[in-house]
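In: Here is a sequence together with a model predicted from it:
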Amino acid sequence: MTPKLDIEPGSSTAYHTGDWRTRQPVYRNKWPPCSQTCPASEDIQAWLALATEQHWQAAWQKLTERNPFPATMGRICYHACESACNRKHLDSAVNIHAMERYLGDRAITRKWSHKPVCDTPQTQRVAIVGAGPAGLSCAFQLARHGYPVTIFDAQAVPGGTLYSAIPDYRLPKSVLASEIDAILALGIELRLNSRVGKEISESDLRDQFDAVFLAIGSQRPRQYPGKESSRHRVMSGLEFLHRLNRGEQIALLSERKPKHVAVVGGGNTAIDVARCIRRLGAEVTVICAQDSHGNHHRELGTEMPASLQEVIEAETEGVQFIYRAGIRRLVRSGEHLSGIEIAHVDQVYDRHGDFNPVLFDGTEEFVPAGLAIFAIGQETDWQGLEQLSQSTQADGVWLGGDAVSKSKLAATAVGSGYQAAMSIMADLKGEPFVFDTHKKAQITFRQMSLHYYPKQSRHEGEVSEQRLDGFNEVETGLLDDDATHEARRCLSCGVCFMCDNCWHFCPDAAVIKKAGGYGIDDDYCKGCGICAQECPCGHIDMERLTG
Amino acid sequence: MDKRDPFRHNVLTSGHRACSGCGEAMAARMVTDLIGPDAIYINATGCLQVFTTHNQQSAWQAPWIHSVFANAAAVASGVEAALRAKGKDTPVVVQAGDGGTFDIGLQCLSGMIERGHDVLFVCYDNEAYMNTGVQRSSSTPHAVRTTTSPPGRLSQGKHHLKKDVISIIAAHHMPYAATATIAYFPDLKAKVEKAMRIKGPRFLQILSPCPLGWVHDSALSVTVSRLAVETGLFPLIELEHGELTGVMRLAEQKPVEEYLRPQGRFKHLFGSKAGAVELRHLQALADARIRRYGLLDADTQWDTACAMQSVRHGRGGYASSMPTSEAVKNDT
Amino acid sequence: MKQLLEGSQAVAEAVRLCRPQVVAAYPITPQTHIIEHLAQQVANGELAAEFINAESEFGAASIVLGAVAGGARAFTATASQGLLLMTEVLYNIAGLRLPVVMVCANRAVGAPINIFSDHQDSMALRDAGWIQLYVESNQEAVDTLIQAYRIAEACELPVMVCMDGFFLTHTFESVDLPTQAAVDDFLPPFHFVRTLDPADPMTLGGGSEADNYQEYRSAQQAAVEDAQPVIEAFDAEFDDRFGRAHGGLLQAYRLDGAETALLGMGSLMGAVRDVVDKLRDRGQAVGALRLRCFRPFPAQALVRYLSGVQRIIVLEKAISIGAGGILASELRAALHQAGMMTPVESVIGGLGGRDLTPQVIESVFHETSRDEMGATFRFAPDHVMPDETDHG
């Protein structure tokens, strides 16, 4: 046959170069590190994506699927998400906590209400002991799914430690109250001043409810183990904060007002206490057994557990820090406390991993203090719950929150409440429950091409100049434009944002663009790997072909 | 005709036989789709012609002709003259490799420009004769290993410098001559679109890495071409009527070694004293080009960081609840 | 209307009458006058064409290639070194089956460099796939050029009109130029089916391999072969319209009853006819045969014309170095194939502009064949005085 002098356009498509391929690109969503580290397992990237488009309410709804306290958490959470944010390898992390607060505040001012997931009311009743973040989170999930829920709390005000242990300058009471009200509006019954063992018995709980969730927190401060019998001018951090939050601001320091206060401890409570004391007008020194951030001893050391951001704020406010110091004794003249004798700490934790500092002789120093506040941890008080606390899920009893978790972060408690609710609902329905633990992050900045993202400065709220004048909030929320800006700074790690790179760069026109995404045409993809290499967010994997 | 992609014509479509990761195929796809199917394409002999047309199969979806190696610019002159004679203004585009531009095709190209033909000449510069098995061309940079500039006891690869063809072209006092590369699509797009708005002869030199000849991983074609720019070895410039009218500033100058390391064609330079001299020479060449075109201090917002920025065409999504792209793929 | 015109100008006027839309050329002696006239016609507005001054003959050939592929009728002209520089493109034009028409103002090929006429240049391109028509006079050049476009476009083949440099290009002769209307009637407007056009995109000049390359070549060979009756038919039609014919493929002179035939191409045939007349007057049974169409090679027609003669002398102005006469060799092959053993004497002469005078031609006729000495050809004597050949 005579061959044609003119060749048909596009006739090469009869030749399938896909046969050449030894590896192939696969579009695959990855779980980003922000969400992995979030103790409440929020899909941060998802609600930021909605915020990018200024779908604020949708973003708030997406966020509250996991955490009904955005305004609260946006203020108080130590945002591990930001430490994990891949963006810090480009410029600085996305201001996730400020975004969370922005959405929460927006919901409060616009009075957005939570929507039930399921309109069919359930009949099985659930009791929750403790109206702290874990209990409320659990109640929120159950109520959204139609379950009748009753919360019992020994206190007169709901919120648990969120109410009692967080100073106003970090979390105004009205913000917390608004978010709790929004949760309760789902039809949750709240019984305050109801301590189990007093106002209601353990057996009543068991009889009247199909499931019980114990989220009683850890409210009892660990005591200073020193031998002194006198408790004069010695206080726990929790007690200090509780009294402050109950409005005893003046009383705390009024009686022979000390000029110097020593706070012992390296956690966030210690910092909270110290910052409060600054606001009450006294000098304060934090005595911490660990090293400062980024400065820890290679063999012995551990960083102080407090959040770096909090330490920086405290330093800004004039809080003094002494690191690697342990307490020898309280120095008194009579009943009067004149200060604390400290010594250098060598090893902080013993070989069991318990806090057991070794102090070196001959390194003693005197720290003057008219008041010593110990913020060295807390314990759970199981009084009145002796039987229930020994029960298991098989008995219809769930435990959660600070009472059982090592981490005492509010966000962890929220996550714990969510898990409990899911477990309870599965149990009540007789379905197996797969424990939805934090998904492992599947994407690091090394898998991404950060040069495709423009460098953009991080926008913050404004910091009050009169921060020490009282207990008003130090930082304002983001403005609308800043919120949009921050949302758009999200790199969308591991999740396609349709930048067209794979489509542009495919030498073989084997990437086909469609409405809402891209596809690989296996007939022609030669497996060169350029699409994966140049995908900004690491959404594309190259997989070796087998067989 | 192949119409698989609803968002793109695919002037150069699938089924072509370029090597995996071919920078020239990518560049040609980008350029021809930016220009579109309503143009006449003239191709010099070379990889692009070889891998796109094969035994009664063609990957082109626009009128396309190949004659011989050296004459693409002259054929284009004839096509353009024919169109002019017939009162048509169909765009005419030449595509050639560096051999067909710097070497064997330079005379015809010069003639085409001098006579002012309304033709866009696109040189896909992969810095050697790749189609014939990686022989050196006048575009091959200094010290590169090719099959005809092999390193040996007395040699560190190519002895001579890469021909400064853009200066030669621009010296014709032509309306528009520019360099570009596949790594910066927004820059390439702007230059192609600008070129298509201008009448008269126009010239684009597009650095197009060749995984086979440059000896790098096929996935790195874009990365390597980006590094060529970021090190200053391949300045992205625009020349109008011989005058420098635009440069892409380097947001940050990278050492040439970052560009050379991933490429096997420079491998012989690492680990010997004589090689070290050539490495310093290559760095000095980059520095000189940076100074010549003011790549670090040019008064422009257009820099290597800004030309890289990806645009979000979608809302992004959520790893947790959005349908994956695999699902999208499956409903084809 | 008869006009006294230089050959180059006559050809340029013929080109104008064919309405080419693109003319491309690069100057080389003795082609220059042709393109100078065309440039002037364009400058005067007499010829509505794009006149492209190429940067080389290679470029010029490529430009007309592009022009025809772009849908325009095109013209170029060259000679000698220029033709050889075009070689690659000329093969390509033929392979693409583009109907390009060009004039080769035949000239010797260097080294040593020589600007004067012989056929070495176009003969070197005999295998390129072009139709080659060798003209004897300026009138024939004009007429053949017009026919060439008709042939090229009908057959989708390129046509090279070969006219001897200086002998024709620079010689003034009386030429009858046809009217534009008559040429328009004879030559329809240009239309090429494989025109590059976005409305009907196609790929031209794509790669081929062993799978089909030979089929392309056999199709091309058949097309060139099949051009023979077309060339004859258009010459006959031209005769009907204009009252002039040029023999189609070849032209015989006093061949009836001839025992010896003198065969040649181009302008030398005028002198050959004079010699035939003189020898006939002296009782020698001599005739002449002018080969007008060298490609396609009209083997059957040659055999038919030469079947009655006992001796054939081929005069040719080119040599295949290391082999001898090209035309003679091809003729021998044709005769052999037809079962004829007629001796063919191959005489090479007129190289580099040397005159093949009647005396030289006559002396060739009188010389004994040297075939018995093993030589397949001989060179014509360099110069022969009139009295030396006067055997009468």
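Out: In hand now; what should we look at?
In: just the helices in the stretch 251-400 of chain A please.
Out: Counting by DSSP state H, counting those that start in this stretch, one finds helices in the stretch 251-400 of chain A at the ranges A:268-279, A:308-316.
In: Surely residue A:24 is in a strand?
Out: Yes: the assignment for residue A:24 (DSSP: H, G, I helix; E, B strand; the rest coil) places it in a strand.
In: Now do it against residue A:531, distance only.
Out: 10 Å (Cβ to Cβ, to the nearest Å). Any C-beta I mention is one placed from the backbone N, CA and C, and that applies to glycine too.
In: Tell me which of these two has more neighbours.
Out: Using other Cβ atoms under 10 Å in any protein chain shown, the more surrounded residue of residue A:24 and residue A:531 is residue A:531, with 27 against 18.
In: what helix or strand does the more buried one sit in?
Out: helix A:530-534 (DSSP states H and E).
In: next helix or strand past that helix?
Out: Following helix A:530-534 in sequence, per DSSP H and E, is strand A:540-544.
In: Could you find the closest non-adjacent residue to residue 210?
Out: Just so you know, I chose chain A. Closest residue to residue A:210 apart from its sequence neighbours, by Cβ to Cβ, 6 or more residues apart in numbering or on different chains: residue A:124 at 4.0 Å.
In: please go with chain B instead
Out: Leaving aside its sequence neighbours, residue B:210 sits nearest to residue B:126 (Cβ to Cβ, 6+ apart; 4.2 Å).
In: So that neighbour is in contact with residue B:25, correct?
Out: No: counting by Cβ atoms under 8 Å, residue B:126 sits too far from residue B:25 to count as a contact (10.7 Å).
In: quick one: residue B:130 and residue B:97 touch, right?
Out: Yes: taking contacts as Cβ under 8 Å, residue B:130 lies within contact range of residue B:97: 7.5 Å.
In: still on that earlier bit, tell me which of the helices of the stretch 251-400 of chain A sits most buried.
Out: Of all the helices of the stretch 251-400 of chain A, helix A:268-279 has the most neighbours on average by mean count of other Cβ atoms under 10 Å in any protein chain shown, namely a mean of 26.
In: Now do that helix: which elements does it pack against?
Out: The helices and strands touching helix A:268-279, judged by 3 or more Cβ pairs under 8 Å, 6 or more residues apart in numbering or on different chains; DSSP states H and E, are helix A:237-245, strand A:260-264, strand A:283-287, helix A:308-316.
In: and it, average pLDDT?
Out: For helix A:268-279, mean pLDDT rounds to 93.
In: Restricting to C-alpha, output that helix in PDB.
Out: This file holds the C-alpha atoms of helix A:268-279, laid out as PDB (Å, rounded to 0.1, in the frame of the first residue of the first chain):
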ATOM      1  CA  ASN A 268       2.200  25.900  82.100                       C
ATOM      2  CA  THR A 269       0.500  26.300  85.400                       C
ATOM      3  CA  ALA A 270       3.600  27.800  86.900                       C
ATOM      4  CA  ILE A 271       3.700  30.300  84.100                       C
ATOM      5  CA  ASP A 272       0.000  31.100  84.500                       C
ATOM      6  CA  VAL A 273       0.600  31.700  88.200                       C
ATOM      7  CA  ALA A 274       3.700  33.900  87.600                       C
ATOM      8  CA  ARG A 275       2.000  36.000  85.000                       C
ATOM      9  CA  CYS A 276      -1.000  36.500  87.300                       C
ATOM     10  CA  ILE A 277       1.300  37.600  90.100                       C
ATOM     11  CA  ARG A 278       2.800  40.200  87.800                       C
ATOM     12  CA  ARG A 279      -0.600  41.500  87.200                       C
END
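In: how near is residue A:80 to chain B?
Out: Separation of residue A:80 from chain B (Cβ to the nearest Cβ, to the nearest Å): 18 Å.
In: er, residue A:408 I mean
Out: Residue A:408 sits 27 Å away from chain B, going by Cβ to the nearest Cβ.
In: Under a three-state scheme, what state does that residue occupy?
Out: Of the three states, residue A:408 takes coil according to three-state DSSP.
In: Check it and give its pLDDT.
Out: On pLDDT, residue A:408 comes in at 82.
In: check contacts around the closest residue to it other than its chain neighbours.
Out: Nearest residue to residue A:408 in three dimensions, chain neighbours excluded: residue A:402, at 5.1 Å (Cβ to Cβ, 6+ apart). Contact analysis of residue A:402 by Cβ atoms under 8 Å, 6 or more residues apart in numbering or on different chains lists A:132, A:134, A:161, A:217-218, A:378, A:380, A:408, A:412-413.
In: Next step: the residues you listed restricted to strands.
Out: The strands, defined by DSSP state E, take in residue A:378 from the contacts of residue A:402.
In: and residue 81, what element?
Out: Picked chain A for this. Applying DSSP H and E, one finds residue A:81 within helix A:80-84.
In: wrong one, chain C
Out: Using DSSP H and E, residue C:81 sits within helix C:80-95.
In: what's the answer for residue A:128, then?
Out: Under the criterion DSSP H and E, the helix or strand holding residue A:128 is strand A:126-129.
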